[in-house]
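In: got a predicted structure here, sequence first:
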Amino acid sequence: QVQLVESGGGLVQTGGSLRLSCAVSGRTFSDHAMGWFRQAPGTERTVVAAINWSGRSTYYTDSVKGRFTISRDNVKSMVYLQMDSLKPEDTAVYYCALRQSAGLGFLTQGYDYWGQGTQVTVSA
């Protein structure tokens, strides 16, 4: 059974930082690309960042480039999202997702397993 468990969300002031973590079990982690998505109330879930199986290829949505960093540890079966210079518009529920493929994916439809989500709130 595949499980993804996110942690690290919370309340932070504008300009602050948070580090999200996602623990994966039930799969050979290094076989799969991973992604972080977010969803604010009344909006669709969209990709924030993605990373391929090795960690050598990454993708960021334009609004977070230069502020967020995705990384993975294939020994620990963990994926991380370091979020710096946070803005109120980053407020959302953040989801970790696993893709059957080893290559990057940018759409929710391309991911097969999801975590329960963690709330990130950035105050003005």
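Out: Ah, there it is.
In: from now on I want contacts and neighbour counts done on CA atoms only, so please keep to that.
Out: OK.
In: please report the distance of K87 from G26.
Out: K87 sits 35 Å away from G26 when distances are taken as Cα to Cα, to the nearest Å.
In: tell me who's in contact with the most centrally placed residue in the chain.
Out: Nearest to the mean C-alpha position of the chain, by Cα atoms, centre = their mean, lies W36 at 2.1 Å. For W36, the contacting residues are V47, V48, A49, A50, L81, Y94, Y95, C96, A97, by Cα atoms under 8 Å, 6 or more residues apart in numbering.
In: swap the cut-off to 10 Å and go again
Out: Neighbouring residues of W36 by Cα atoms under 10 Å, 6 or more residues apart in numbering: 20, 22, 46-51, 60, 70, 79-81, 94-98, 106, 108, 114-115, 117.
In: now it: which helix or strand?
Out: W36 is part of strand 34-39 when elements are defined by DSSP states H and E.
In: give me the nearest residue to V24, chain neighbours excluded.
Out: Leaving out its chain neighbours, the residue that sits closest to V24 by Cα to Cα, 6 or more residues apart in numbering is L4, at 4.7 Å.
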